[in-house]
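Participant: 3D, please:
(one chain, ligands or ions: 1)
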Amino acid sequence: MTRPSLPGHPHFIYRDDELVVENVRLRDVAAAHGTPLFVYSKAAMLSALAAYQRGFAGRHAQICYAMKANSSLGVLQVFARAGCGFDIVSGGELSRVLAAGGEPGKIIFSGVGKTRTEMRQALAAGIGCFNVESEAELDVLSEVALALKLRAPVSIRVNPNVDPKTHPYISTGLKDNKFGVAHEDALRIYQHAASLKGLRVVGIDCHIGSQITDTTPYLDAMDRVLDLVAAIEGAGIPLEHIDFGGGLGINYNNDTPPEADALWQQLLAKIDARGYQNKKLMIEPGRSLVGNAGVCLTEVLYVKPGEHKNFCIVDAAMNDLPRPAMYQAFHAIVPLSKPGDDAAKVTYDVVGPVCESGDWIGRDRALAVAPGDQLAVMSAGAYCMSMASNYNTRGRAAELLVDGDKVHLIRQRETVDDQIRQEQLVAG
Ligand code: LLP
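Facilitator: Numbers count the residues shown, from 1 in each chain. Modelled structure (predicted):
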């Protein structure tokens, strides 16, 4: 019997009470590859991308996947083959994109702290645009480009000062954030950029935050950015593109973000109303392309009843799934094999083996579980593996990419030897 897919996860369904992604039973891959294990659905990624592509149909637009959300090569390859560009934030990310077959001309480089080495690397690769975040960075980039006898294509990240109403750690467009330049200073800084010989001003960009589920902050930010486009062009500095960042949320727990195409219908109407329909549009979505395309499979090691709390101790931990510890984030947790309807559920805190009280994955979850049972931590495609660590000398998990009934191993499980390879004992 096939049951409806899990909310927000159209590619994950129960078939005969077994959780299946595309045509692959998750219990089988857990048995073959061990846990913790990340499993991604290629179809889920492409269908998330298709929502943006529908939104931009007939427009001059470039979707740059914000690869910080998940920078595994096999994931990047899916987006590179689908024609995406990439939003990078380090020289390391640039190397990954190139290794995965991404086109240099479709890369944009964001971030407040680009080093001279990273600037040289990106200029040599021929990236499409530097999203510059401060006046000081403009000066350094111009100097670095001139030394290479090049002109760096730049956009300046402006801070529209709107509240995206999300977790404070992932709000980026407010006045007190370290990102971007203040709206009030933008025109002057554009004039400065236009005067620098090593730069070529090509665009404007903003990014107001992440896991945004409300349309209003986006609409407000678009108004603010379009005001600046008018002012900057009015001052004689033409802009080829508008880059509106990323940030669209996903459904983790009864969240109801707008669909990408519906959101863009409203944003494009604003752009058109100001007569900018011929400007190239760029966006930098991360989470909304991969978040609900991935799960982390984990096995129950022990159940530990307590006076006030029961603990379900699993083999995945905060080093694999850092979001609950960092942002009190919610990830749904479901069994790979559905227990019978009469199985007694107990309320547990689902926790990992790491020696920190902050090492929890889900709180107060009603589950019918016993040691050896396997669970899927949902919505684990974004900001999990890319933020994973080796804390407690735990190796990072393996990763699989599912495509129909094919299963591709895209990252081997990290061994202790992998972890200690770069270290050495002091001689003598
Ligand atoms: N562009 C820029 C300049 C960004 O800083 C970010 C994310 C994105 C695009 C992509 O945003 P997205 O579409 O994924 O929301 N680790 C946090 C999220 C941090 C987001 C940082 N910047 C989390 O797990 O919730």
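Participant: Enumerate the residues of the protein near the ligand.
Facilitator: Near the ligand, the residues belonging to the chain are 66, 69, 87, 110, 170, 172, 207, 210-211, 245-248, 284-288, 323, 327, 383 when assessed by C-beta under 6 Å from any ligand atom. (Glycine included, C-beta is placed from N, CA and C.)
Participant: Pick out the residue closest to the middle of the chain.
Facilitator: Ala69 (2.3 Å; C-alpha atoms, centre = their mean).
Participant: Chain neighbours aside, what residue packs nearest to that residue?
Facilitator: Gly286 (3.2 Å; C-beta to C-beta, 6 or more residues apart in numbering).
Participant: quick check: mean pLDDT across the longest helix along the chain?
Facilitator: The longest helix of the chain (DSSP state H) is helix 216-234. Regarding helix 216-234, the rounded mean pLDDT is 97.
Participant: and what of stretch 143-157?
Facilitator: 98.
Participant: Would you mark the buried spots in that stretch?
Facilitator: Val144, Ala145, Leu150, Ala152, Pro153, Val154, Ser155, Ile156, Arg157 (16 or more other C-beta atoms under 10 Å).
Participant: Outside of that stretch itself, list whatever touches it.
Facilitator: By C-beta atoms under 8 Å, 6 or more residues apart in numbering, the residues outside stretch 143-157 that reach it are 108, 110, 116, 119-120, 123-124, 127-133, 138, 141-142, 179-181, 186, 189-190, 193, 197-207, 241, 243.
Participant: quick one, helices of this protein?
Facilitator: 26-33, 42-55, 73-81, 91-99, 116-125, 135-147, 186-195, 216-234, 260-273, 287-290, 323-327, 416-420.
Participant: do you know which of those helices lies nearest Leu375?
Facilitator: Nearest to Leu375, of all the helices of the chain, is helix 26-33, at 9.8 Å by C-beta to C-beta.
Participant: what packs against the closest one?
Facilitator: Packed against helix 26-33 by the contact rule (3 or more C-beta pairs under 8 Å, 6 or more residues apart in numbering; DSSP states H and E) you find strand 18-21, strand 37-41, strand 294-304, strand 374-377, strand 398-403.
Participant: mind checking how far the fourth one is from the chain centre?
Facilitator: Between the mean C-alpha location of strand 374-377 and the chain-wide mean there is a distance of 21 Å, by C-alpha atoms, centre = their mean, to the nearest Å.
Participant: can you give me the mean pLDDT across that strand?
Facilitator: Rounded mean pLDDT across strand 374-377 is 98.
Participant: what does the third one give?
Facilitator: On average, the pLDDT along strand 294-304 is 98.
Participant: That one pairs with which strands, parallel or anti?
Facilitator: strand 37-41 (antiparallel), strand 310-314 (antiparallel), strand 374-377 (antiparallel) (DSSP bridges).
Participant: what are the C-alpha coordinates of it, in PDB please?
Facilitator: What follows is strand 294-304 as a C-alpha-only set of coordinates in PDB (Å, rounded to 0.1, in the frame of the first residue of the first chain):
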ATOM      1  CA  GLY A 294      17.800  15.000   1.500                       C
ATOM      2  CA  VAL A 295      17.400  12.900   4.600                       C
ATOM      3  CA  CYS A 296      19.900  11.600   7.100                       C
ATOM      4  CA  LEU A 297      19.400   7.900   8.100                       C
ATOM      5  CA  THR A 298      20.300   6.900  11.600                       C
ATOM      6  CA  GLU A 299      20.000   3.800  13.800                       C
ATOM      7  CA  VAL A 300      18.600   3.700  17.300                       C
ATOM      8  CA  LEU A 301      21.500   2.600  19.600                       C
ATOM      9  CA  TYR A 302      19.700   2.700  23.000                       C
ATOM     10  CA  VAL A 303      16.500   3.800  24.600                       C
ATOM     11  CA  LYS A 304      17.000   5.300  28.100                       C
END
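Participant: picking up where we left off before, contacts only, for the residue nearest to Ala69.
Facilitator: Tyr65, Ala66, Met67, Lys68, Ala69, Asn70, Asp87, Ser210, Gly246, Ala382, Tyr383.
Participant: ok, so what distance separates Gln53 from the ligand?
Facilitator: For Gln53, the distance to the ligand equals 16 Å [C-beta to the nearest ligand atom, to the nearest Å].
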